[in-house]
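Asker: what shape does this take:
(3 chains)
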Amino acid sequence: MIPFFSTYFIFSFIPLVNTFYNSLFENYRSGLTQIGPNFVGLQNYISIFQSDLLKYLGNTMILWIIGFIPQIIISLILAVWFADFRLRLKGSSFFKTIIYMPNVIMAASFAMLFFALFSDDGPMNNLLINLGILNSPFRFLATVWGTRGLIGLMNFMMWFGNTTILLMAAILGVDSSLFEAASIDGAKSLQIFTKITMPTIKPIFIYVLITSLIGGLQMFDVPQVLTNAKGSPDRTSTTLIMFLNNHLYSKNYGMAGALSVILFVITAALSLVVFFVLTGAGKRRGGK
Amino acid sequence: MRKKVVSGLLCAAMAASLIGGCSSKSAQNTQSQSGTPEATSKEAAEEKGAGSTEGKVVNIYVWNDEFKTRYEDYYASKLPAGYTVNFITTPSENNAYQNALDEALLNQANAKADDKVDMFLVEADYILKYVNSDSTIDLKDIGITDQDMSKQYNYTKEIAQDGSGAQKGISWQGCPGLYIYRRSIAKAVLGTDDPAEVQKAINDWDSFDKTAEKMKEKGYFMVSGFDDTYRTFSNNVSAPWVDGNKVVIDPNIEKWVEQTKDYTDKGYNQKTILWAAEWAAGQGPEGKVFGYFMPAWGVDFVMAGNSLEKAEADGGKQEVGNGCYGDWAATIGPESYNWGGTWICAANGTDNGDIVADIMRTICCDDATMKKIVEEKNDFVNNKTVMEELAKSDYKSQFLGGQNPLQMYCDAAAKIDMSKISPYDQGLNEELQTAMHDYFNGTVDKDTAMKNFYTAISEKYPDLKIE
Amino acid sequence: MGKMMNIKKAVAYVFLSLLAFLCLFFFYCLIINATRSHPEISKGFSFIPGKSFGSNLYNVLHNKNLPVIYGIVNSLLIAGSSAALAVYVSALTAYAIHAYEFKLRNVVYLFIVLIMMIPNQVTTLGFLRLINRMGLMDSFVPLILPSMAAPVVFYFMVSYFESNLPLEIIESARIDGSHEFYTFNTIVIPIVKPALAVQGIFAFVASWNNYFVPSLVLKSNAKKTLPILIAQLRSADFLKFDMGQVYMLITIAIVPVAIIYLCLSKFIIGGVTAGSVKG
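Answerer: This next block holds a predicted model:
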């Protein structure tokens, strides 16, 4: 325990405080000339709020939602199937392994691949044209929703396997006699799902949701590589972390620090929600 | 409570979200101490059988192997005994090279003699950042004379001079660009593939436009995409990008925006982005693009490879008959411009000025060495005597259908004016092109595109004022 | 009912196969590209393997500026030791929280859960300054040591202990006069092995694929990890730029992890499931 906390203190806490401190200064480099550090109080925060912070927050949320909704729906369905004792799927461990695999690929490499696949003259367009679905190439990366959709798709591909396994574990935790009793009583699959499965796994479901949200807030390298660090078109796929990264280009420690602090506040608020959901769930369970 | 697993994934997500493409974050690398150099060419030292003695280590900062190859082929054997040359390579992607270099230069005074930067390489787009700083020294101080540089093209010298005229950098290459067009398309549309005749059809931008329309009628594209003509405009601006600390959009840049939007809407281009697969495909056998603006290196190393039907890796050869190799020709085009080029600077605080000067003199000034570079590497060297001589020789480019384009390159090189650059060019050019792509694509209107451009540059250069 | 079931089963198989196909498809694409030469790749995509597998592999391994072998060794070293440390120390901490009643227990627990949520990027600025001042630039230490404090592993382990490690076992060990560390190493660890394996692999993959911090810390060529080498290869100059090599290196980087994953997949899926609480 001591090593845990001392390491944490040295390698995370001190840097955290340092970042807070930096956010109060004007401190950047122009060419080879260092400007600052000059104390500017909350000026950095004001400039950040005056910039397009909300737009990037919105982008980040949209990108996350596009990926998360299919992810959670498909993961739920798969988890129910995998856990369904009546369905007895063959080769389920094969599938469980496979759906996990995309997570092994580095996100940056994954984005590179997508870039090649969906380029104007790429195989996806050729396929769609050959099938007669399109007459001329659809320029995925030149349209707002094309780009966003691809980012969402990538996040979905990378994470749905994990989510499935988590939810499955949650469902398996439900006492199987409950299911048996319900099916003897003639309950339909859907009824079992809404009446038994969902309420029992609710805390985990909420937990998946919020942790995924936090992961979404930190989304960086998929859009970064896919859009070549531009967040194009029209900066609609620029996420918060990409915005942070832009400030680091000029070694703008003041602005980057302030942005880090804002990010921290957003995530901390969310993590508190998580915590209360969890403890709330714990109490309910204890009450049973 | 199986939620922990999610957190495991979250952890993985956090880590994963940091991978890749983001080397620009090395920006955070504030005071990287005496950037430990990698002895990439230890061979040099070992050959001489001498260990590194204090102060006899020459550290050269580079972003790729190009100069290293030149060094090894044309200088390594001349290196005096007892010296070691280290190349410290940092990829240029996302500004990582400049970040690493800046750290090393700012730390120069505290670095041990063996760790000091002795020389470093810069590109035209950001050369002024270093030329105008105290981190570079006047080459006269290490013994490079005007006489040494007398055969070099003027623009390569001007670009590397600071406000008071001190020569802070030197280059071994020139990168004048020409318009490289497809002979078969020229015949089909213009009725001739003779460079002199084709030049008449694209001698200025008005005739360029007219030819573009003809191309369109016959189902061809005048240029490949958005960025192709950019350099012909941005190299011929009337004033630098930045006046004091104010960003000024030059009328010539406006012209690029107008022209490209017009071409895009009229279908004169294929809406490609520089270096994209579609852009490269336009140079291949199936390509429908009339021509590309390219410097010598672009012709030999980019177009020649792309033009083949059967790639070299598959046993194909760069020869006439393989794809559209040989179906090309060069002409001056509407305006002269420069694309690329690498300059060598001597770092302030170098303890090996004599070696640095000797390397520069050999690779950038010596006729015999430079002639060998042209012959062996197809580079366009920064030496008028050598280039003029070769231009009059019976040199023939098979790729260009037997044409000798050297005289055109020489003429173009003489006309290039690089006095209007600013230290911010790299970021400003990049960001403007990025922002405008959205406008060309019709995603946003011009005002929004401009606004995005300003937002981007204010992030990159907090000290610049906008309007 | 039986018919319904069969239809449902068929739908499930089709759907699963489709997803599995999608997942494998990307691996297929990567490997295909690794077999194609640069001009082929730059001309567009193809689903048919090229003939340049050998030459790409040769080029990557013989690239003078790209110590791939070092890269693999470095990556293995860093990922391996940080995974081991993370799992052991965090499990130990979790054990302490689980096995001892003390006043601040809940506070400590809450604290660790909270720090789990702080984005990595937030602290990186300060982190770099710190290790710079400590003279640890270009060393593996700042990449391995901090992983000791892995709140995520900790959190997972605490919950796992709660469900799978009855306090009675520890009590009886104590009564037998067993030393605390001894108890942990010989009694606790074997019981929670599956959980440790799962977390170990997560930590390993995360560290293996990590580009951001290592790219800021490591400077000398011989110390760089695979993701940095990939980035370096991608930014090679136009003369040397070779997408075939890039894809080959990515494939090389994926293979070891994929193999570990496949071998241990039963363990992982089993471990996650075992970590769940009954009722």
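Asker: so the residue lying closest to C:Val108 once chain neighbours are set aside is in which element?
Answerer: If the residues on either side of it in the chain are set aside, C:Val108 comes closest to C:Ile97, at 6.6 Å by C-beta to C-beta, 6 or more residues apart in numbering or on different chains. Every C-beta, even on glycine, is put in place using the N, C-alpha and C of the backbone. Take DSSP states H and E as the rule and C:Ile97 turns out to sit in helix C:68-99.
Asker: quick one: buried residues of that helix?
Answerer: Along helix C:68-99, the positions that meet the burial threshold by neighbour count (16 or more other C-beta atoms under 10 Å in any protein chain shown) are C:68, C:70-72, C:74-75, C:78-99.
Asker: can you check stretch B:305-317 too?
Answerer: Of the residues in stretch B:305-317, B:Gly305, B:Asn306, B:Ser307, B:Leu308, B:Ala311, B:Ala313, B:Gly316 count as buried by neighbour count, 16+ other C-beta under 10 Å.
Asker: picking that back up, just checking, next helix/strand downstream of the helix holding C:Ile97?
Answerer: Next element after helix C:68-99 (DSSP H and E): helix C:105-115.
Asker: for that following helix, packing partners?
Answerer: In this structure, helix C:105-115 packs against helix A:253-287, helix C:68-99, helix C:151-164, with contacts taken as 3 or more C-beta pairs under 8 Å, 6 or more residues apart in numbering or on different chains; DSSP states H and E.
Asker: alpha carbons only: can I get the last one in PDB?
Answerer: It stands for helix C:151-164. Once non-C-alpha atoms are left out, helix C:151-164 reads as follows in PDB (Å, rounded to 0.1, in the frame of the first residue of the first chain):
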ATOM      1  CA  PRO C 151      -6.100   2.300  -9.500                       C
ATOM      2  CA  VAL C 152      -7.900   0.300 -12.100                       C
ATOM      3  CA  VAL C 153      -6.200  -2.900 -11.200                       C
ATOM      4  CA  PHE C 154      -6.700  -2.000  -7.600                       C
ATOM      5  CA  TYR C 155     -10.400  -1.500  -8.000                       C
ATOM      6  CA  PHE C 156     -10.800  -4.700  -9.900                       C
ATOM      7  CA  MET C 157      -8.900  -6.600  -7.300                       C
ATOM      8  CA  VAL C 158     -10.800  -5.300  -4.300                       C
ATOM      9  CA  SER C 159     -14.000  -6.400  -5.800                       C
ATOM     10  CA  TYR C 160     -12.600  -9.700  -6.700                       C
ATOM     11  CA  PHE C 161     -11.300 -10.300  -3.200                       C
ATOM     12  CA  GLU C 162     -14.700  -9.400  -1.900                       C
ATOM     13  CA  SER C 163     -16.300 -12.200  -3.900                       C
ATOM     14  CA  ASN C 164     -13.600 -14.800  -4.000                       C
END
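Asker: can the next helix or strand after it be found next to chain A?
Answerer: Heading C-terminal from helix C:151-164, the first helix or strand you meet, by DSSP H and E, is helix C:167-175. No - Helix C:167-175 does not reach chain A (C-beta under 8 Å from any C-beta of the partner chain); its nearest approach is 15.6 Å.
Asker: next secondary structure after helix C:167-175?
Answerer: Per DSSP H and E, the first helix or strand lying C-terminal to helix C:167-175 is helix C:180-182.
Asker: number of nearby residues for the residue in the stretch 1-150 of chain A that chain B sits nearest to?
Answerer: Nearest residue of the stretch 1-150 of chain A to chain B: A:Ala108, at 2.1 Å (C-beta to the nearest C-beta). The number of residues packed around A:Ala108, counting by other C-beta atoms under 10 Å in any protein chain shown, is 28.
Asker: doesn't A:Phe220 make contact with it?
Answerer: No - with the criterion set as C-beta atoms under 8 Å, A:Ala108 and A:Phe220 do not qualify as a contacting pair; they are 9.8 Å apart.
Asker: which residue is nearest the centroid of the chain?
Answerer: Just so you know, I chose chain A. The centroid of chain A falls nearest to A:Gly216 when counting by C-alpha atoms, centre = their mean (2.6 Å).
Asker: could you do chain C instead?
Answerer: For chain C, the residue sitting closest to the mean C-alpha position, by C-alpha atoms, centre = their mean, is C:Val205 at 1.6 Å.
Asker: that one in helix, strand or coil?
Answerer: Under DSSP: H, G, I helix; E, B strand; the rest coil, C:Val205 falls in the helix class.
Asker: for B:Val117, same thing?
Answerer: Each residue gets one of three states, and B:Val117 gets coil by three-state DSSP.
Asker: can you give me phi and psi for it?
Answerer: In terms of degrees, to the nearest 10, the main-chain angles of B:Val117 are phi -70, psi 130.
Asker: and the closest residue in space to it that isn't next to it in sequence, how many residues sit next to it?
Answerer: Here the nearest residue to B:Val117 in space, its sequence neighbours aside, is B:Ala347; by C-beta to C-beta, 6+ apart that works out to 4.1 Å. Per other C-beta under 10 Å, the neighbour tally for B:Ala347 reads 25.
Asker: hang on, B:Ala347 packs against B:Thr136?
Answerer: Yes - distance between B:Ala347 and B:Thr136: 6.8 Å, which falls inside the contact criterion (C-beta under 8 Å).
Asker: let me have the helices and strands packed on helix C:105-115 in a markdown table, extended by distance to A:Ile72 and mean pLDDT.
Answerer: Formatted as a markdown table, those follow (distance: least, C-beta to C-beta, whole Å; pLDDT from 0 to 100):
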| stretch | distance to A:Ile72 | mean pLDDT |
| --- | --- | --- |
| helix A:253-287 | 16 | 69 |
| helix C:68-99 | 28 | 85 |
| helix C:151-164 | 21 | 72 |
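Asker: residues in contact with the closest residue in space to B:Lys140 that isn't next to it in sequence?
Answerer: Nearest-residue entry for B:Lys140: B:Gln167, 6.6 Å, with adjacent residues in sequence omitted and distances by C-beta to C-beta, 6+ apart. If a contact means C-beta atoms under 8 Å, 6 or more residues apart in numbering or on different chains, then B:Gln167 has B:Asp138, B:Leu139, B:Lys140, B:Ile144, B:Met149, B:Lys157, B:Ala160, B:Gln161 as its contacts.
Asker: quick one: the fifth one and B:Lys157 touch, right?
Answerer: Yes - using C-beta under 8 Å as the test, B:Met149 is close enough to B:Lys157 to be in contact (6.1 Å).
Asker: shared neighbours, these two?
Answerer: Taking C-beta under 8 Å, 6+ apart as the criterion, B:Met149 and B:Lys157 both touch B:Gln167, B:Ile170.
Asker: just the pLDDT for the residue nearest to the centre of chain C.
Answerer: The confidence metric pLDDT takes the value 79 at C:Val205.
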